[in-house]
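> Provided below for reference: sequence and predicted model.
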Number of protein chains: 2
Amino acid sequence: MAEDRRIRKTRRALRDALVALVLERGFTALSVEDITQRADVARATFYSHFRDKDELFARVTRDLLDELDERLRPAMAETAVGFTGRPVLEMLRHARQERDLYRIVLRGEGDGKPLRMFTEACARVAAEEFRGRSERNDVKPRIDADLLARVWVGEQVSVLQWWVEHETPPLPAEEVVRMLLDFALHGRYWATGFDRPE
Amino acid sequence: MAEDRRIRKTRRALRDALVALVLERGFTALSVEDITQRADVARATFYSHFRDKDELFARVTRDLLDELDERLRPAMAETAVGFTGRPVLEMLRHARQERDLYRIVLRGEGDGKPLRMFTEACARVAAEEFRGRSERNDVKPRIDADLLARVWVGEQVSVLQWWVEHETPPLPAEEVVRMLLDFALHGRYWATGFDRPE
DNA sequence: TGCGTTACCGAACAACCTGTCTGGAAACAT
DNA sequence: ATGTTTCCAGACAGGTTGTTCGGTAACGCA
């Protein structure tokens, strides 16, 4: 019993309509009718798939995260330092591909719920990686792994926001990764161009 | 013609009601009536002050930022490295004082608009400081000042979120500042406990 | 203290949105 | 070809929004 083609079609249409409209007008400003109209779907049909706007957005976000996870997993093996390296590159590529969706999620549309899903997913992966790394090499971290993961993700997210909000990538993905690597290794102070004090 | 006491009272009541209710139920879930009821104010009165929920939230956020700016300005002089130091300490104190409001803003309530106001205000101040510093000392930054500011703010915000969401401060403000200073100087990799590679 | 001004209240209004439920038409898998 | 499932159009009550009104009470100021 494969999935009905009609279902795939309407779900896809609703997803695309949501992303496009949120980008144009913002999540709260949308009515369900706006979405169904753009998707060319009856309003009643919407409610046979999702309880409300939020559930649709949450579902779309979850799918994105699953997809991201899929792409991150094989890249984790060959990561460079701490966490920054191949995985981040893969994430940037993913973001370029799903640019509009990344934009609305990272903007905090939907009262920041999708963004929280995103950051928490990333933080979970990062914290795990940190812990595993520490154990394997028998090194005691100077800072709580969860807090460290949060900081890392925060940096990540703000760079992603910056990158994805420019019409044309202001820096190739590889350059961004290299920059983040520099931050991780030398700190932000290094970036100011000053020599490290004392 | 000093400002009418009645106006101050209702504005204050609406502000407090908004903050409390958003914390409890989230911004989108609220109706204007919910807010006016909690504030013990007539619904019609609400609309004589604000166009809608969003304007109230935006106004509350703006007031917060003005207050923050007030406190940051005198602290800027004695800043430590890059930007991290007294200003950050002052911000943490401000956040402890206005904890609930900080929480809802940092959560991205209101489709992330207040959060954007916050981050952009911080980024503007930081970028300015970076540029001024570079010019005064005639040092060429290795990284674009705006991007650097964004990264700094991202780190800042994520730590603030972490700090302010704990019922009781998980770390005294002074410790947090010291930690951020370490990040700025040695990088995140340092925090993992590993020695710097090569 | 009294007076003119101004903000608040409560109620009512149309317009819109929400979520649910129909019966019938159309597309589906096999 | 057939039985099943999804889609559609329309209607429904209940709630929300933003505006308007006249009456009442609190205000600043002289």
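Done, it's in. In this text the structure is predicted, and so the values were computed from the model without any measurement.
> ok, A:His186 - how many residues close by?
Per other Cβ atoms under 10 Å in any protein chain shown, the neighbour tally for A:His186 reads 18. No exception for glycine: its C-beta is placed from N, CA and C like everyone else's.
> and the closest residue to it other than its chain neighbours, how far is that from A:Leu181?
Nearest non-adjacent residue to A:His186, counting by Cβ to Cβ, 6 or more residues apart in numbering or on different chains: B:Gly187, 5.3 Å away. Separation of B:Gly187 from A:Leu181 (Cβ to Cβ, to the nearest Å): 10 Å.
> quick one: low-confidence ranges for chain A?
Scanning chain A for pLDDT under 70 picks out A:1-2, A:79-83, A:195-198.
> can you list the domains in it?
Following automatic domain parsing, one finds the domains of chain A at A:1-50, A:61-191.
> winner for burial among those?
Greatest average neighbour count among those goes to domain A:61-191 (a mean of 18), per mean count of other Cβ atoms under 10 Å in any protein chain shown.
> wait, does it contact DNA strand D?
No - counting by Cβ under 7 Å from any atom of the strand, DNA strand D has no neighbours in domain A:61-191; the shortest distance is 14.2 Å.
> My read is that the residue nearest to A:His186 contacts A:Ala191, right?
No - using Cβ atoms under 8 Å, B:Gly187 makes no contact with A:Ala191, being 10.1 Å away.
> joint contacts of those two?
Shared contacts of B:Gly187 and A:Ala191, defined by Cβ atoms under 8 Å, 6 or more residues apart in numbering or on different chains, comprise A:Phe183.
> which residues does the residue most central in space within chain A contact?
Nearest to the mean C-alpha position of chain A, counting by Cα atoms, centre = their mean, stands A:Phe118 at 5.1 Å. By Cβ under 8 Å, 6+ apart, the contact set of A:Phe118 is A:61, A:65, A:105-106, A:157.
> name the element the closest residue to A:Leu72 other than its chain neighbours belongs to?
Distances taken as Cβ to Cβ, 6+ apart place A:Pro87 nearest to A:Leu72, at 5.3 Å, with adjacent residues excluded. Per DSSP states H and E, A:Pro87 falls inside helix A:86-97.
> packing partners for that helix?
helix A:53-76, helix A:145-164, helix A:173-186 (3 or more Cβ pairs under 8 Å, 6 or more residues apart in numbering or on different chains; DSSP states H and E).
> Return the angle between stretch directions for the next helix or strand along the chain from it and helix A:86-97.
For helix A:86-97, the succeeding helix or strand toward the C-terminus, using DSSP H and E, is helix A:99-107. Computed by axes from the mean of the first three to the mean of the last three Cα atoms, to 10 degrees, the angle separating helix A:99-107 from helix A:86-97 equals 110 degrees.
> quick one: helix A:99-107 near chain B?
Yes - for a cut-off given as Cβ under 8 Å from any Cβ of the partner chain, helix A:99-107 has contacts with chain B, namely A:Arg107.
> Return the angle between stretch directions for that helix and helix A:53-76.
Using the same axes, to 10 degrees: helix A:99-107 against helix A:53-76 is 100 degrees.
> Helix A:99-107 - contacts with which helices or strands?
Of the remaining helices and strands, those touching helix A:99-107 by 3+ Cβ pairs under 8 Å, 6+ apart are helix A:5-25, helix A:53-76, helix A:113-137, helix A:145-164.
> next one: the shortest one to chain centre, how far?
The one in question is helix A:145-164. Helix A:145-164 sits 10 Å away from the centroid of its parent chain (Cα atoms, centre = their mean, to the nearest Å).
> What of stretch A:133-147?
The answer for stretch A:133-147 is 25 Å, by Cα atoms, centre = their mean.
> Could you confirm whether that stretch reaches chain B?
Yes - Stretch A:133-147 is in contact with chain B by Cβ under 8 Å from any Cβ, via A:133-134, A:137, A:139-143, A:147.
> ok, and what's touching that stretch?
With contacts defined as Cβ under 8 Å, 6+ apart, stretch A:133-147 is touched by A:82, A:123, A:127, A:130-131, A:148, B:159, B:162, B:179, B:182, B:190-194.
> now for that stretch, what's the gap between its first and last residues?
One end of stretch A:133-147 to the other measures 16 Å (Cα to Cα, to the nearest Å).
> Can you give me the separation between the residue lying closest to A:Thr10 once chain neighbours are set aside and DNA strand C?
Excluding the flanking residues, the one nearest A:Thr10 by Cβ to Cβ, 6+ apart is A:Val41, at 5.3 Å. From A:Val41 across to DNA strand C, the span is 13 Å (Cβ to the nearest atom of the strand, to the nearest Å).
> hang on, the earlier thing: nearest to A:Gly26, of the contacts of stretch A:133-147?
Nearest to A:Gly26 among those: A:Ala123, at 26.1 Å, using Cβ to Cβ.
> how close does A:Gly110 sit to A:Ile143?
31 Å.
> That should have said A:Tyr189, apologies.
A:Tyr189 is 17 Å from A:Ile143, by Cβ to Cβ.
> With A:Val60 instead?
34 Å.
> again, but for A:Asp63
Taking Cβ to Cβ, one finds A:Asp63 at 33 Å from A:Ile143.
> phi, psi of the residue nearest to A:His186?
Backbone geometry at B:Gly187, expressed as degrees, to the nearest 10, gives phi 90, psi 170.
> what sits against it?
Contacts for B:Gly187 (Cβ under 8 Å, 6+ apart) come out as A:183-188, A:190, B:196.
> A:Trp190 too?
Per Cβ under 8 Å, 6+ apart, neighbours of A:Trp190: A:182-183, A:196, B:142, B:187.
> cutoff 7 Å now
A:Asp182 (Cβ atoms under 7 Å, 6 or more residues apart in numbering or on different chains).
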